[in-house]
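# Got a predicted model here, sequence first, then my questions.
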Amino acid sequence: MSSLAPASRAVRVALVQLGNVTADKSYNLQHARDMVLKAASGSAAGKPDLIVLPECFNSPYGVSYFPTYAEDIGYTPGEPYDVEKSESQSIKMLSSVAKEAGTWLIGGSVPEHDVATKKYYNTATVYSPNGELVAYHRKLHLFDIDIPGKIRFKESEVLTGGNALTHFDTEFGRFGLGICYDIRFPEMAMIAARNGCIAMIYPGAFNMTTGPLHWELLARARATDNQIYVAVCSPARDLTATYHAWGHSSLVDPMGLVISTTEVREDIIYGEIDPKKVEEARSAIPVTVQRRFDVYKNVAE
Ligand SMILES: NC(=O)CCC(=O)C(=O)O
């Protein structure tokens, strides 16, 4: 288990529950840009340090849309990425708005087309306040469910799952990144926590069947299991779209308390991720050092 990276102060976070994700990608990009700048203008508590957009913010959410809206990002992990030369208009917009806002930005997710391999992914990217692309996460666990009479969704009909976990470092500490359905897999958040992450951030878009049952439950569970913060950022609900998102973007603290949340409309919510609270939770209820890995060494066995 790594120790927490030293952090100077609490991180102010803004979750943008973006509305009006339409069929017009240029409009979606412009609207997302405007909302990031609005979020950056801050709340009474001040300007945020980190802004989060939801899953699939540049395209309607649905397997039939992914190929049309997908962009070639051309990122190779571990190699420098020149945003200026990027083929992706979404990556260019996200980088430039992070720089203009002067904040860290988790750019929700976008459908990605890796032209070299001809595969499609659901991909989240992260930018530093100077617009540098610093992290890149391809949704690891694809959203394939079938609840008879309620919802059938098979991302795997078009998408391929990623093959890496994603953690990134900021001056405030280390963060883990997942996309929506990834939250159902506790191993991801546990590995992030054991690698020193103070929070897991999940751009997401739960639905009207599983949203009321599991969205908050899973966010609170991942936070409580691992004594980290968990942020879940959804699009607003649009009943004219083919997919109805649950909304309810939320920030949960390391004791499992929802410290900031919203309903279903477009909104920006603010909250703080305070590394001291992570330490306090771990010292009060020391499960992180009480684990019996001598008994359950390998959970995959
Ligand atoms: N976009 C998603 O991955 C949706 C996940 C979801 O709704 C769930 O129940 O899990």
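Everything's here; your move.

# looking at this, Arg222 is in a helix?
Yes: per DSSP: H, G, I helix; E, B strand; the rest coil, Arg222 lies within a helix segment.

# Which stretches in this protein count as strands?
In the chain, the strands defined using DSSP state E lie at 11-17, 50-52, 104-114, 119-127, 133-138, 144-147, 151-154, 166-170, 173-177, 197-203, 229-233, 250-252, 258-261, 267-273.

# Let me have those in JSON lines, adding mean neighbour count, mean pLDDT and distance to Gly42 as columns.
Yep, even glycine has a C-beta here, placed from its N, CA and C like the rest. Formatted as JSON lines, the strands of the chain follow (neighbours: other C-beta atoms under 10 Å; pLDDT from 0 to 100; distance: least, C-beta to C-beta, whole Å):
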{"stretch": "strand 11-17", "mean neighbour count": "27", "mean pLDDT": "98", "distance to Gly42": "8"}
{"stretch": "strand 50-52", "mean neighbour count": "27", "mean pLDDT": "98", "distance to Gly42": "10"}
{"stretch": "strand 104-114", "mean neighbour count": "26", "mean pLDDT": "98", "distance to Gly42": "14"}
{"stretch": "strand 119-127", "mean neighbour count": "25", "mean pLDDT": "98", "distance to Gly42": "18"}
{"stretch": "strand 133-138", "mean neighbour count": "22", "mean pLDDT": "97", "distance to Gly42": "23"}
{"stretch": "strand 144-147", "mean neighbour count": "12", "mean pLDDT": "98", "distance to Gly42": "38"}
{"stretch": "strand 151-154", "mean neighbour count": "14", "mean pLDDT": "98", "distance to Gly42": "36"}
{"stretch": "strand 166-170", "mean neighbour count": "18", "mean pLDDT": "97", "distance to Gly42": "18"}
{"stretch": "strand 173-177", "mean neighbour count": "25", "mean pLDDT": "98", "distance to Gly42": "20"}
{"stretch": "strand 197-203", "mean neighbour count": "28", "mean pLDDT": "98", "distance to Gly42": "19"}
{"stretch": "strand 229-233", "mean neighbour count": "29", "mean pLDDT": "99", "distance to Gly42": "17"}
{"stretch": "strand 250-252", "mean neighbour count": "26", "mean pLDDT": "98", "distance to Gly42": "16"}
{"stretch": "strand 258-261", "mean neighbour count": "17", "mean pLDDT": "98", "distance to Gly42": "14"}
{"stretch": "strand 267-273", "mean neighbour count": "21", "mean pLDDT": "98", "distance to Gly42": "8"}
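
# so how far is stretch 245-262 off the chain centroid?
13 Å (C-alpha atoms, centre = their mean, to the nearest Å).

# that older thread, can you tell me which of the strands of the chain is nearest to Tyr243?
Taking C-beta to C-beta, strand 151-154 is the member of these nearest to Tyr243, at 7.9 Å.

# So what are the sheet partners of that closest one and their directions?
strand 144-147 (antiparallel) (DSSP bridges).

# Get me the contact residues on the chain for the ligand.
For the chain, the contact set with the ligand under C-beta under 6 Å from any ligand atom comprises Glu55, Phe143, Cys180, Tyr181, Arg184, Gly204, Ala205, Phe206, Asn207, Thr210, His214.

# one more time with 5 Å
Contact residues, the chain versus the ligand (C-beta under 5 Å from any ligand atom): Phe143, Cys180, Tyr181, Ala205, Phe206, Asn207, Thr210.

# Which ones among those map onto helices?
Under the assignment DSSP state H, those contribute Thr210 to helices.

# Kindly reformat the residues of the chain next to the ligand as TSV containing distance to Arg152.
Below are the residues of the chain next to the ligand laid out as TSV (distance: C-beta to C-beta, whole Å):
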residue	distance to Arg152
Phe143	11
Cys180	16
Tyr181	14
Ala205	16
Phe206	15
Asn207	11
Thr210	12
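
# Output the residues of the chain next to the ligand as TSV; include the columns neighbour count and pLDDT.
Listed next are these as TSV, based on neighbours: other C-beta atoms under 10 Å; pLDDT from 0 to 100:
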residue	neighbour count	pLDDT
Phe143	24	98
Cys180	26	98
Tyr181	25	98
Ala205	27	98
Phe206	26	98
Asn207	19	98
Thr210	20	98
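
# re earlier: right, and the strands of the chain - which one's nearest Asp72?
Closest to Asp72 of those is strand 104-114 (C-beta to C-beta; 5.4 Å).

# Which elements pack onto that closest one?
strand 50-52, helix 66-69, helix 89-101, strand 119-127, strand 197-203 (3 or more C-beta pairs under 8 Å, 6 or more residues apart in numbering; DSSP states H and E).
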